[in-house]
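# after the sequence you'll find the predicted model.
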Amino acid sequence: QVQVVESGGGLVQAGGSLRLSCAASGRTFSSYAMGWFCQAPGKEREFVATINWSGGSTYYADSVKGRFTISRDNAKNTVYLQMNSLKPEDTGIYYCAARRINGGSYYYIAEYEYVYWGQGTQVTVSS
């Protein structure tokens, strides 16, 4: 079992940058695929980015490709989401999610694939 805690959210102007962090507990962090999701005001939570256990494979929602980068540091039990060229439509609560894998270089896009979730961190992009 793992617990994840997000940090790094805040208020930023359009065109600015933020880096979110997700710290995970436990000694088997490298056994988990990780993902970031966003829930915009009045909308359902949506997929943003995902990364496999080693960091060698990533996948992004079309809306953030070329602007956001997901990465991980298994020695620090942390996954990051670097967000550049932010837009007002990026506003929302960003959640980190984890799913244990048993071998393979999988990552996951669907919300239901993830077992462990953080409480979220608010990102607000002003125009």
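Structure received. Numbers count the residues shown, from 1 in each chain.
# only C-alpha atoms from now on, for both contacts and neighbour counts.
OK.
# identify the residue nearest the most centrally placed residue in the chain in space, chain neighbours excluded?
The centroid of the chain falls nearest to residue 36 when counting by C-alpha atoms, centre = their mean (2.4 Å). With sequence-adjacent residues excluded and distances taken as C-alpha to C-alpha, 6 or more residues apart in numbering, residue 36 is closest to residue 96, at 4.7 Å.
# give me the mean pLDDT for the helix or strand that neighbour falls within.
Using DSSP states H and E, residue 96 falls within strand 92-100. Confidence over strand 92-100 (mean pLDDT, whole number) is 97.
# what's in contact with that strand?
Contact with strand 92-100 is made by 2, 4-6, 22, 31-41, 113-124, as judged by C-alpha atoms under 8 Å, 6 or more residues apart in numbering.
# and what of stretch 63-83?
By C-alpha under 8 Å, 6+ apart, the list of residues contacting stretch 63-83 from outside reads 17-25, 29-30, 34, 36, 48-51, 54-55, 58, 84-86.
# distance check, the residue found closest to residue 17 once you drop the neighbours it is linked to in the chain against residue 10.
For residue 17, the nearest residue in space outside its immediate sequence neighbours is residue 84; the separation is 4.4 Å by C-alpha to C-alpha, 6+ apart. Per C-alpha to C-alpha, to the nearest Å, residue 84 is found 14 Å from residue 10.
# overlap in contacts of the two?
Both residue 84 and residue 10 are in contact with residue 18, where contact means C-alpha under 8 Å, 6+ apart.
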